[in-house]
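> Next come a sequence and a model predicted from it.
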There are 2 protein chains.
Amino acid sequence: VSDASLPLEDALILSLAGCLPPTRNTRLAIGDDAAAITLPDGNLLLVTTDMLMEDVHFRLSWDDLPALGWKALAQNLSDIAAMGGTPTHAVIAIALPAAWAPHNAQALYRGIATLAAQAEVDVIGGDTIRSAGPLTLTLTVLGRVSPNELLTRRGARPGDALYVTGTLGRAAAGLRVLEDGRPIPDDLAAAVDAQLRPQPRLVAARAIASSRLATAMMDLSDGLATDLHRLCRASSVGAVVDGDAVPVDPVVAACCRWAANAPGDPLALALTGGEDFELLIAAPPAAAAALHTLLAPLPLTRIGECTAAPEVQLRRGAQLAPLAWGFTHFT
Amino acid sequence: VSDASLPLEDALILSLAGCLPPTRNTRLAIGDDAAAITLPDGNLLLVTTDMLMEDVHFRLSWDDLPALGWKALAQNLSDIAAMGGTPTHAVIAIALPAAWAPHNAQALYRGIATLAAQAEVDVIGGDTIRSAGPLTLTLTVLGRVSPNELLTRRGARPGDALYVTGTLGRAAAGLRVLEDGRPIPDDLAAAVDAQLRPQPRLVAARAIASSRLATAMMDLSDGLATDLHRLCRASSVGAVVDGDAVPVDPVVAACCRWAANAPGDPLALALTGGEDFELLIAAPPAAAAALHTLLAPLPLTRIGECTAAPEVQLRRGAQLAPLAWGFTHFT
């Protein structure tokens, strides 16, 4: 697979990484959900950072501020979880709009604090500035994992089965409902909640890591159609996804019926919609029963398998076609 | 000292910290140059984060992009150094203006890479997004220090002497020259260089920490008139600064003569101008000779002393007057 096939975000990150000197004291640098540094006692320190900017990742007209703080932390916790780790500490850098009163910033912090307390993460510092433009938040989260429980994007092998936790498309459906602007119908409230207040799979991810049954793992932040390409590239494998097996959340079909601006095809929304923060897992087929038992009652769905051929393909009925790199924020 | 006397930035940070749950596994959280976490081997992991936003902290019309990358890393390295630590790893979150070509981002990264290589810091990851507004950079830097060499803002005692490294006011003079907009005269080029490409005091800070001669230390990022108040509050002491002793850089007087928009008083610029990234140190008077020997040939100047009375005062000739909280970016 040539780099010319990469979407802009991935190509730019590769080119920027090429400007940096080689790392000396690092187990895992750019190119995974989090970086990993070996600590003196042999365990790994995980580090991840995410920037959220108004009108790129959210609109203040949609969000209540505690939800925004929650989500900013949740997506970083999800990155640590996706490496098999336990998040431990967070720092917050925030650029506050010039017109904001202190109570707005406090509301946002309370959302961060609620999830931090629940996940037993210490918020240990930050930087607070006045923005010359949009509200901008950068959270950096640290975590820990033992080296034999570290899961990366790199370990998948041809023949491994591919699984996702939970259901897909809820957060994307919620985004469509929010963009639509009409009052939110009761049967779509769960989708909006998934978009605004995602629940990172901390417990499931740790269970998978400590079982050592998986060969690769990542979180679905940009949608399966993008993130599966990333896992396959990192592992030097391809994949075939069975479209009929993808666990499309029932709310997606309801959203497609209701929202004028939603694509008509629930599967397309589930494949290309980001921010579900479910886990994508590769594991040998023999591990299937043990994985299901491990995660129950959380749904775990086999959506396809890894292949030696490097293509990433989607099977719908009898047809096999390339699965295009999908949705990304970076447009 | 009541909180009502605090400038807006410090008051807001206190109020935000109050929204967060108490930390459980943290040696030092919000309120110093960096946070500190105890590692399994007993050493401390230091963490600091800084957000830089276009038209708040810099203007793209002034900066060459490698210098901007350099400075973003330099100010974080300075925070780690100010705790007595050695910086080891950095992560970069960046929001790129929509119109930027990849070579602009690469130029900025090369500036980060140059300083990272010089300081032996691994850049291990990040996040890259398209900005809906200004260029925004958040760097988070990790470092390490042994617990008995950790220096905070908290340890100063009444009677301790106060020192600064180097000279003050250069970076602020450089800012005035850049804001003036006329061509930069040769004799002010050093000031502009200090503003655009600051040199964090990594070696000096480590020497002070390992000597264990100092009781408190911080870096001068917002100017002595602001940062000394912070050190005094954290240590529950006051201070008297001898205005005649403050090592005002000679370029400051040259700048005041040249630049129409500079204050007429070089001492005022040196006290209130930020971004010198020199070290402010408290140490018992008996340590004076040893500290000078330790840092030579770097200038170390005694600028005053800590007092039991909580006021922070400035002596000019025979007059003693309160030293007002000075310049801050947060206006």
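That came through, no problem. Everything numeric here is computed off the predicted structure, so don't read it as measured data.
> who's in contact with stretch A:14-22?
Identification of contacts with stretch A:14-22 by Cβ atoms under 8 Å, 6 or more residues apart in numbering or on different chains yields A:3, A:6, A:29-31, B:102, B:105-106, B:109-110, B:112-113, B:116-117, B:123, B:128. C-betas here are computed from N, CA, C, even on glycine.
> give me that answer again for 7 Å
A:3, A:30, B:102, B:105-106, B:109-110, B:113, B:116-117, B:123, B:128 (Cβ atoms under 7 Å, 6 or more residues apart in numbering or on different chains).
> how near is the spatially most central residue of chain A to chain B?
Note on chain A: the residue nearest the mean C-alpha position is A:Ser221, at 2.6 Å, using Cα atoms, centre = their mean. According to Cβ to the nearest Cβ, to the nearest Å, A:Ser221 stands 11 Å off from chain B.
> What residues does that residue make contact with?
By Cβ under 7 Å, 6+ apart, the contact set of A:Ser221 is A:75, A:78, A:227, A:274-275, A:277.
> Kindly report the same for A:Gly274.
By Cβ under 7 Å, 6+ apart, the contact list for A:Gly274 reads A:171-172, A:221-223, A:327.
> can you put those residues in TSV and add secondary structure?
TSV is the format used below for the contacts of A:Gly274 (DSSP: H, G, I helix; E, B strand; the rest coil):
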residue	secondary structure
A:Ala171	helix
A:Ala172	helix
A:Ser221	coil
A:Asp222	coil
A:Gly223	coil
A:Phe327	coil
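> could those residues go into CSV alongside pLDDT and distance to B:Leu52?
Below are these laid out as CSV (pLDDT from 0 to 100; distance: Cβ to Cβ, whole Å):
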residue, pLDDT, distance to B:Leu52
A:Ala171, 95, 31
A:Ala172, 93, 33
A:Ser221, 93, 25
A:Asp222, 91, 26
A:Gly223, 93, 31
A:Phe327, 46, 29
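> quick one: which of those is most hemmed in?
Neighbour count (other Cβ atoms under 10 Å in any protein chain shown) singles out A:Ala172 as the most crowded of these, with 28 neighbours.
> So that residue sits against A:Leu269, correct?
Yes: if you go by Cβ atoms under 7 Å, A:Ala172 and A:Leu269 touch, sitting 5.2 Å apart.
> and the residue lying closest to A:Ser131 once chain neighbours are set aside, bridged to which residues?
Distances taken as Cβ to Cβ, 6 or more residues apart in numbering or on different chains place A:Ala95 nearest to A:Ser131, at 3.7 Å, with adjacent residues excluded. Here A:Ala95 sits in beta bridges with A:Ile129, A:Thr136, as judged by DSSP bridges.
> before we move on, what about A:Gly304?
Note on A:Gly304: beta-bridge partners by DSSP bridges are A:Leu162, A:Val241.
> pLDDT wise, what is it at?
Looking at A:Gly304, its pLDDT reads 98.
> For the closest residue to chain B within the stretch 1-150 of chain A, list the residues it contacts.
With Cβ to the nearest Cβ, the shortest gap between the stretch 1-150 of chain A and chain B falls at A:Gly133, namely 3.1 Å. For A:Gly133, the contact set (Cβ under 7 Å, 6+ apart) comprises B:133-134.
> Touching stretch A:105-116 from outside, list them.
A:65-70, A:72-74, A:90, A:92, A:96, A:123, B:12, B:15-16, B:19-21.
> Before we move on, what's the pLDDT of A:Ala260?
A:Ala260 is assigned 70 on the pLDDT scale.
> What of A:Pro21?
81.
> Then A:Ser2?
40.
> quick check, nearest of the contacts of A:Gly274 to chain B?
The closest of the contacts of A:Gly274, once distances to chain B are taken by Cβ to the nearest Cβ, is A:Ser221, at 10.7 Å.
> Can you give me the distance of that closest one to A:Leu280?
10 Å (Cβ to Cβ, to the nearest Å).
> Can you tell me who A:Val312 pairs with across the strands?
Under the criterion used (DSSP bridges), A:Val312 bridges to A:Ala239.
> wait, it sits on A:Ser235?
No: A:Val312 is beyond contact range of A:Ser235, at 11.4 Å (criterion: Cβ under 7 Å).
> who's more crowded, the two?
A:Val312 (24 against 21).
> rewinding a little: in CSV, list the contacts of stretch A:14-22 along with neighbour count, secondary structure and distance to A:Val141.
Converted to CSV, these look like this (neighbours: other Cβ atoms under 10 Å in any protein chain shown; DSSP: H, G, I helix; E, B strand; the rest coil; distance: Cβ to Cβ, whole Å):
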residue, neighbour count, secondary structure, distance to A:Val141
A:Asp3, 10, helix, 29
A:Ile30, 19, coil, 17
B:Pro102, 13, helix, 28
B:Ala105, 22, helix, 24
B:Gln106, 18, helix, 27
B:Tyr109, 24, helix, 23
B:Arg110, 16, helix, 27
B:Ala113, 22, helix, 24
B:Ala116, 25, helix, 21
B:Ala117, 14, helix, 26
B:Val123, 27, strand, 18
B:Thr128, 18, strand, 17
